[in-house]
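K.L.:
Need coordinates for the below:
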Amino acid sequence: MRTFTYINLQSTIVLLTAVLMTLGGCATRDVFPVAHIERSSAGLGSNGEKVNIIARLNGPTNREINLPILFSGTALPGVHFLGSSPAIKINHGSDTGIITLQSIPLSITDSVVIQIELQQMEGIYIGTPSKVSIPIIDVNLDTDNDGIPDVVDECPDTPGPSENNGCPWPGLILNEILYDPPADLAGDANKDGIRDPLADEFIEIYNDGPAKDLSGFTISDASMVRHIFASGTILPQNSLVVVFGGGNPPQGAFGNAQVVVASSGQLNLNNAGDFCILKDAAGAEIFRFDIAQYSGDPNEAYTRNPDLRGNFVPHSAIPEAGGALFSPGLRINGTPFNP
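P.N.:
Predicted coordinates for the structure are as follows:
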């Protein structure tokens with residue numbers, strides 16, 4: 001007697017598929033070349049500037065590929081820009097293809113945007129990103145009316161001089177403050193050989209703008225004015241002044257910084273909570289440091305990390321400080337600001 005075995009074809013296909021996937025079967029994007037799109041710059045000036053649109057594969061192709069692209073957006077081909085080709089060609093053996101877009105010189109009052117998107121084609125998997133946007137910017141547009149066109153203005157919404165690329169000068173910056181000198185001789189911040197809880201307090205001010213006349217500027221705490229800068233005190237650009245509470249700090253021992261002592265004889269910054277306030281000669285506030293936000297007894301300075309730009313942190317916590325508790329007139333690592 002013959003025995004017949006019936007095979008369910010559909011079940012067999014499902015089983016074989018599962019086996020192939022277990023053995024490392026490939027998804028479509030692993031079999032076909034994968035393409036994505038890039039741009040050489042984020043914007044395009046309206047004065048005939050050019051930008052490259054780049055298509056990249058995940059590896060060299062074994063044939064010539066012409067990737068079709070779609071232009072959309074508010075910028076119109078032939079009106080606002082010209083494209084070198086409607087497709088991006090990638091040659092045999094290469095993984096990259098480029099076309100060039102060029103703005104057509106004209107006066108525009110509203111920003112227009114070119115959208116460029118890779119289109120599906122047989123044998124290619126379109127990856128991410130598949131689309132890029134490029135605004136065409138009026139080279140004559142000057143949003144903040146500072147005389148610097150937005151296309152080259154690094155701060156297009158805020159007036160600033162051309163010497164600072166259209167951005168306002170940061171001006172006077174509080175970079176370091178010591179309101180709780182460490183105990184014993186380790187707290188001799190002013191280097192006069194004596195540790196004094198008031199005389200060794202200091203603030204370090206950096207001038208990131210043009211030379212500044214500090215005549216009549218004041219430093220106050222929450223109670224009263226503690227220092228008035230003497231007439232004729234000029235702080236050049238990219239230089240510092242360190243104001244100690246008192247003592248006899250030796251000149252030349254603090255890099256290239258100017259060094260003065262508080263005209264009242266002390267800064268008297270209260271560890272339990274106080275303010276350090278700089279005002280100009282007319283009484284306008286330049287900056288304010290609120291001690292209450294920080295440790296009451298840090299036994300070291302608070303300094304910006306990185307210098308001039310960062311947030312205030314305990315000085316010795318910064319690796320570059322090498323364990324130093326303060327660095328009046330110097331960078332965190334103990335080197336001069338302007339060697």
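K.L.:
Helices along the stretch 1-150 of the chain, start to end?
P.N.:
9-22, 28-31 (DSSP state H, counting those that start in this stretch).
K.L.:
Now do the contacts for R226.
P.N.:
219-220, 262-264, 266-268 (CB atoms under 8 Å, 6 or more residues apart in numbering). Placement of C-beta: from N, CA and C, glycine included.
K.L.:
picking that back up, pick out the shakiest of the helices of the stretch 1-150 of the chain, pLDDT-wise.
P.N.:
Sorting these by mean pLDDT places helix 9-22 lowest, at a mean of 40.
K.L.:
Sort out which residues of stretch 232-245 are buried, please.
P.N.:
233, 235, 239-245 (16 or more other CB atoms under 10 Å).
K.L.:
what does stretch 171-181 give?
P.N.:
Those would be 172-181, for stretch 171-181 by 16+ other CB under 10 Å.
K.L.:
out of those, who's nearest N91?
P.N.:
Of all these, N91 sits closest to I173, with 53.2 Å by CB to CB.
K.L.:
in its sheet, what does the helix or strand encompassing that closest one sit against?
P.N.:
Following DSSP states H and E, one finds I173 within strand 172-178. Using DSSP bridges, the strands paired with strand 172-178 are strand 202-207 (antiparallel), strand 302-305 (antiparallel).
K.L.:
Identify whichever of these lies nearest to I69.
P.N.:
Closest among the strands paired with strand 172-178, using CB to CB: strand 302-305, at 46.1 Å.
K.L.:
what separates that closest one from the chain centre, distance-wise?
P.N.:
17 Å (CA atoms, centre = their mean, to the nearest Å).
K.L.:
who does the helix or strand following that strand pair up with?
P.N.:
As assigned by DSSP H and E, the chain's next helix or strand after strand 302-305 is strand 311-314. Partners of strand 311-314 in the sheet, by DSSP bridges, are strand 302-305 (antiparallel).
K.L.:
then the partner strand to PDB, C-alphas only?
P.N.:
Output of strand 302-305 as PDB, limited to C-alpha atoms (Å, rounded to 0.1, in the frame of the first residue of the first chain):
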ATOM      1  CA  TYR A 302      34.200  80.600  41.100                       C
ATOM      2  CA  THR A 303      35.300  81.000  37.500                       C
ATOM      3  CA  ARG A 304      33.800  80.700  34.000                       C
ATOM      4  CA  ASN A 305      34.500  77.400  32.300                       C
END
